[in-house]
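> With the input below, show me the fold.
(chains A and B)
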Number of protein chains: 2
Amino acid sequence: MDSTVTIKDVAERAGVSAGTASRVLSGNPATSAAARERVRAAAAELGYRPDARARALRSARSHAVGLLVSDVRNPFFADIAHGAEQAALAASYVTLLANANEDTAQQDIYLEAFLTQRVDGIIIAPQGEGGGNLRALERARTPLVFVDRTVEGFDVPSVTADNAQGVELAVAHLAAEGHTRIGYIGGPRSVSTGRARHDAFLAAVARHGLEEDPELITAGDFRRASGGTAATALLSGRKPPTALLAADSLMAVGALGAVRRQGRRIGSDLALVAFDNIDWFGELAPPLTVVAHDARELGEHAMRLVLDVIEGRPAESVVLPMHLVVRESSTGRAAGA
Amino acid sequence: MDSTVTIKDVAERAGVSAGTASRVLSGNPATSAAARERVRAAAAELGYRPDARARALRSARSHAVGLLVSDVRNPFFADIAHGAEQAALAASYVTLLANANEDTAQQDIYLEAFLTQRVDGIIIAPQGEGGGNLRALERARTPLVFVDRTVEGFDVPSVTADNAQGVELAVAHLAAEGHTRIGYIGGPRSVSTGRARHDAFLAAVARHGLEEDPELITAGDFRRASGGTAATALLSGRKPPTALLAADSLMAVGALGAVRRQGRRIGSDLALVAFDNIDWFGELAPPLTVVAHDARELGEHAMRLVLDVIEGRPAESVVLPMHLVVRESSTGRAAGA
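Alright, predicted model coming up:
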């Protein structure tokens, strides 16, 4: 029926964008007085009748933010989700969580689902090279924020941690404890944090004059089993390391099991430092030394950042500092614990 | 910024009527090949996304299921979520996760959000007595399934585990290992699993002729700190228990830390059995004995059940068996591990 007057018609007549017309007609106060006057006059002239349902569909916010984590079973991402959700609730938004399961295809499915659900914005700890729906999302100008990880070639605000600083703190600590052969259990090179930590490890080993032996460098996939495999390989080498650095919590847990199965003790026989300050790590015997970035804080920052984008405020990327929490797993005092 | 692309925009770009564009985009075969090609090209160029809410208003399903877990940072619920999501993807549904954070008010907020998002159905591990939106949901006849927990007075299909069986297996095992004083770290009585496990513990202690001492019964809130507090209280009593049974994984982790801080060793000095077969528990030194119900399987069953309800198939409640995974934390062989 071509007699229907749409918001677009009103916007054209008023000489404003469809978004402005929509905001005025929905009573949004974030509009100028001049725009309000022009839009209302145009609506009256054209006989515009808002269709309540259509208006809600086109202009209302859902007040929902999609958060796509890499792996919901990784407590680091669960903590990010918890922080994000609390910050969202404080701003009267809800968080719809989805799990990419460290899988690019599944990431695409959920990005599609978020768009279909018309979330107001998306926070993502991205997988892979950022093809597929991630690129479509950028084109569609959906408010988007990266958390923990980034993807090259995307101009998207992000909240990340200073990985180079974290690795340097861990290596400096182990060097000060007298270790010269540190085995590195790294993440996948396809993920920004995997690359950054790997490069920082090589640099820190060189800087501290430690042994630069390619046999000491392994790479897992940020999941538990791969940490066990890597630790077993490192400890079965010709000249095993005296300390391990694991690039995430799940791989550190896998390494714990592998070390135990070799009849060795963390702390007394072998030092272990893990990335990610998971609550559990402080409770173990011995408690684990960790490179800590507050995952909850990462989540809170990311939510505030995406709400800035959604609500039209300036949005600046944030790099959070890391620090080292020294516990008995790396100080050789664990034997009698 | 209003970046919403409408069907009208697509029709204009494609040079066809809005009706034709709409028919092509809804998959209606009564369209010409030329129109289909032009409309699809225009939709791709403009980044057009069908609006789930608009489509749902018209008739179609959203193919999204809401899953409200009690605590996203509890690995047991993360495993449930993973299982549910994989079962959903296999049936071409997506799972929108939300976190009640063991809080009834937050549960209500997310149930409301799910309804606003027009999910096709909801799976929930419910909090509290089931007031508020849970009752509204039942009245609205939204397809609903309980997982892990239930609420009295609701006629809702559920997937739960046989808690009485699980507790009996744990107590029988500890009795067979020679323990007569078992300290119980229970969950909240406001949650069905908390009540069921508590009652089963009292029954099992009586059945096996163990010491029925009220000092051996504590109750936490299914979170880590409360497990530490409970374990400290139990071990500081006049006649401490020789074994602990923790009613969930997080409280077991809290207990681990409390035991270590008292200078005692799990396995050799004190037996520990935990509910929930968290991957991590098998990697610890010593590995923990657990009352296992497969959380992933619970999630898969719950998703299949809610899809049965959504798609009009008969839906029967399921009670999954529990079993005991005996490891060194309860067999006294841990001292030299």
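> Show me what counts as buried in whichever strand or helix holds residue A:302.
Assigned by DSSP states H and E, residue A:302 falls within helix A:295-310. Neighbour counts using 16 or more other Cβ atoms under 10 Å in any protein chain shown place A:295-310 of helix A:295-310 among the buried residues. From N, CA and C alone the C-beta is placed, and that goes for glycine too.
> Of those residues, which ones also sit close to chain B?
Residues of these in contact with chain B (Cβ under 8 Å from any Cβ of the partner chain): none.
> Looking at those residues, which is nearest residue B:67?
residue A:299 (19.1 Å; Cβ to Cβ).
> which stretch of helix or strand covers the residue lying closest to the closest one once chain neighbours are set aside?
Nearest residue to residue A:299 in three dimensions, chain neighbours excluded: residue A:83, at 2.9 Å (Cβ to Cβ, 6 or more residues apart in numbering or on different chains). In the assignment (DSSP H and E), residue A:83 maps to helix A:75-90.
> Nearest to chain B: which residue in chain A?
residue A:19 (3.0 Å; Cβ to the nearest Cβ).
> so for the helix or strand hosting that residue, what's the average pLDDT?
Under the criterion of DSSP H and E, residue A:19 resides in helix A:18-25. Helix A:18-25 carries an average pLDDT of 75.
> Can you list the buried residues in the helix or strand following it?
The element immediately downstream of helix A:18-25 (helix or strand, assigned by DSSP H and E) is helix A:33-46. Buried positions in helix A:33-46, judged by neighbour count with 16+ other Cβ under 10 Å: A:35, A:36, A:38, A:39, A:40, A:42, A:43.
> closest to residue A:154 among those residues?
Using Cβ to Cβ, the buried residues of helix A:33-46 come closest to residue A:154 at residue A:35, 32.4 Å.
> how about the strands in the stretch 151-300 of chain A?
A:158-161, A:182-186, A:217-219, A:243-246, A:271-275, A:289-292 (DSSP state E, counting those that start in this stretch).
> So what pairs up with residue A:123 in the strands?
Assessed by DSSP bridges, residue A:123 has beta-bridge partners residue A:67, residue A:145.
> my guess is residue A:18 meets residue A:9, correct?
No - under the criterion of Cβ atoms under 8 Å, residue A:18 lies out of contact with residue A:9, with a separation of 9.6 Å.
> the more surrounded of these two?
residue A:18 (21 against 16; other Cβ atoms under 10 Å in any protein chain shown).
> Roughly how far does that one sit from residue B:9?
10 Å (Cβ to Cβ, to the nearest Å).
> quick one: contacts of the helix or strand containing residue A:13?
Element membership of residue A:13 [criterion: DSSP H and E] is helix A:7-14. The set of residues external to helix A:7-14 that reach it, using Cβ atoms under 8 Å, 6 or more residues apart in numbering or on different chains, is A:17-18, A:20-22, A:25, A:35, A:38-39, A:41-43, A:45-46, A:48, A:55, A:58-59, B:8.
> Which residues belonging to it are considered buried?
Across helix A:7-14, burial judged by 16+ other Cβ under 10 Å covers A:7, A:8, A:9, A:10, A:11, A:13, A:14.
> In this structure residue A:95 contacts residue A:82, no?
No - if you go by Cβ under 8 Å, residue A:95 and residue A:82 don't touch, sitting 9.6 Å apart.
> which residues are common contacts for those two?
Joint contacts of residue A:95 and residue A:82 (Cβ under 8 Å, 6+ apart) are residue B:99.
> Can you pick out the residue with more neighbours from these two?
More crowded of residue A:95 and residue A:82, by other Cβ under 10 Å: residue A:95, with 27 against 22.
> what's across from that one in the sheet?
residue A:65.
> Give the full set of residues in contact with it.
So residue A:95 contacts A:64, A:65, A:66, A:67, A:81, A:84, A:85, A:88, A:89, A:303, B:98, B:99 (Cβ under 8 Å, 6+ apart).
> now those as a markdown table including distance to residue A:184 and pLDDT?
A markdown table is the format used below for those (distance: Cβ to Cβ, whole Å; pLDDT from 0 to 100):
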| residue | distance to residue A:184 | pLDDT |
| --- | --- | --- |
| A:64 | 40 | 93 |
| A:65 | 36 | 96 |
| A:66 | 34 | 96 |
| A:67 | 30 | 97 |
| A:81 | 28 | 96 |
| A:84 | 30 | 97 |
| A:85 | 33 | 94 |
| A:88 | 36 | 95 |
| A:89 | 39 | 93 |
| A:303 | 32 | 97 |
| B:98 | 37 | 95 |
| B:99 | 34 | 93 |
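> Domain boundaries for chain A, per the record?
A:7-59, A:64-161+A:296-321, A:163-293+A:324-330 (automatic domain parsing).
> By mean pLDDT, which helix or strand of chain A comes out lowest?
Least confident element among the helices and strands of chain A, by mean pLDDT, DSSP states H and E: helix A:52-59 (a mean of 45).
> okay, and for the stretch 101-250 of chain A, where does confidence drop off?
Along the stretch 101-250 of chain A, segments meeting pLDDT under 70 span A:131.
> Which positions in it make contact with chain B?
A:101, A:106, A:109-110, A:113, A:115-118, A:136, A:139-142, A:224, A:228.
> follow-up on the earlier one: burial of the residue of chain A closest to chain B, as a residue count?
Count around residue A:19 with other Cβ under 10 Å applied: 18.
> now swap in residue A:16 and tell me
By other Cβ under 10 Å, the residues close to residue A:16 number 22.
> Next, the contact list for it, please.
With Cβ under 8 Å, 6+ apart, residue A:16 has these contacts: A:24, A:35, A:38, A:39.
> Torsion angles phi and psi at it?
phi -130, psi 170 (degrees, to the nearest 10).
> if I look at it, how far off is residue A:313?
21 Å.
> what's the answer for residue A:127, then?
28 Å.
> Which one's more surrounded, those two?
A count of neighbours by other Cβ under 10 Å puts residue A:127 above the other of residue A:127 and residue A:313, at 26 against 10.
> gap between residue A:286 and residue A:224?
Residue A:286 is 19 Å from residue A:224, by Cβ to Cβ.
> Same question for residue A:325.
The value you get for residue A:325 to residue A:224, if Cβ to Cβ is used, is 21 Å.
> The two: who's more crowded?
residue A:224 (25 against 16).
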